[in-house]
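In: any chance you can model this:
(chains A and B)
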Amino acid sequence: SQTIHQWPATLVQPVGSPLSLECTVEGTSNPNLYWYRQAAGRGLQLLFYSVGIGQISSEVPQNLSASRPQDRQFILSSKKLLLSDSGFYLCAWTGQDKNEQFFGPGTRLTVL
Amino acid sequence: GEDVEQSLFLSVREGDSSVINCTYTDSSSTYLYWYKQEPGAGLQLLTYIFSNMDMKQDQRLTVLLNKKDKHLSLRIADTQTGDSAIYFCAESPPGPLGAGSYQLTFGKGTKLSVIP
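Out: Numbering: from 1, shown residues only, chains lettered A, B, ... in the order given. Below you'll find the model as predicted:
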């Protein structure tokens, strides 16, 4: 069966520090991968999606970036965090049945 | 533009039925989804319905779709305390966005509180 992992589960970082969040998917190949952010009291905002290795599309302008170095690995990064980057970051994937999108457990990021 | 609206809160007594409502604006949406998020966790796909259907039932869950009014609802029968969570409605466009990506548009979520 397929599983999705996110690491770390929680993170507290100072303003201006770098960021690297990792998402890995097991049990599938060539998934579409997504990064969402959920700010307090808000819905989900799609940040990036990827349809293949090295292919990244950005949905909103921001100081975040994403990379997909391997088929089942999706990384969210920042060179310098802002206070407004605080939130709950969710990774998701779709497989052969593109109609079903499954989410990881999320990473809670607090920028101080 | 695309938008998905939900009421923010719903409170029901244990054993009663819960009905969570959602409206969307994109009449070309192909699939409509319900996700459940428990505190501190990711989103769990509960069910989804294809736009040419008007009802789908899965155990205690019933999804009703009124495509004319762009209204989607989720009914939870015999609501239990374990159903307390935030429920998100989402819609997807009729085809792949860009090169095969499927972007979902989410509502802000309805927080369901179940009173014992």
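
In: partners of the most centrally placed residue in chain A in the sheet?
Out: Closest to where the C-alpha atoms of chain A average out (C-alpha atoms, centre = their mean) is residue A:35, at 3.3 Å. Taking DSSP bridges as the rule, residue A:35 bridges to residue A:48, residue A:91.

In: same thing with residue B:24?
Out: Residues in beta-bridge contact with residue B:24 (DSSP bridges): residue B:4.

In: what about it, neighbour count?
Out: 22 (other C-beta atoms under 10 Å in any protein chain shown). Every residue, glycine included, has its C-beta placed from N, CA and C.

In: report the contact partners of it.
Out: Each residue near residue B:24 by C-beta atoms under 8 Å, 6 or more residues apart in numbering or on different chains is listed here: B:2-5, B:32, B:70, B:72, B:89, B:91, B:105.

In: so which strand or helix has residue 46?
Out: No chain was given, so I picked chain A. Residue A:46 is part of strand A:44-52 when elements are defined by DSSP states H and E.

In: please go with chain B instead
Out: Residue B:46 belongs to strand B:43-50, assigned by DSSP H and E.

In: which SS state does the residue nearest to residue B:104 when sequence neighbours are not counted fall under?
Out: Excluding the flanking residues, the one nearest residue B:104 by C-beta to C-beta, 6 or more residues apart in numbering or on different chains is residue B:90, at 4.4 Å. The three-state label given to residue B:90 by DSSP: H, G, I helix; E, B strand; the rest coil is strand.

In: next, count neighbours for residue B:90.
Out: 25.

In: that one contacts residue B:6, doesn't it?
Out: No - the pair residue B:90 / residue B:6 is not scored as a contact, 10.2 Å apart, by C-beta atoms under 8 Å.
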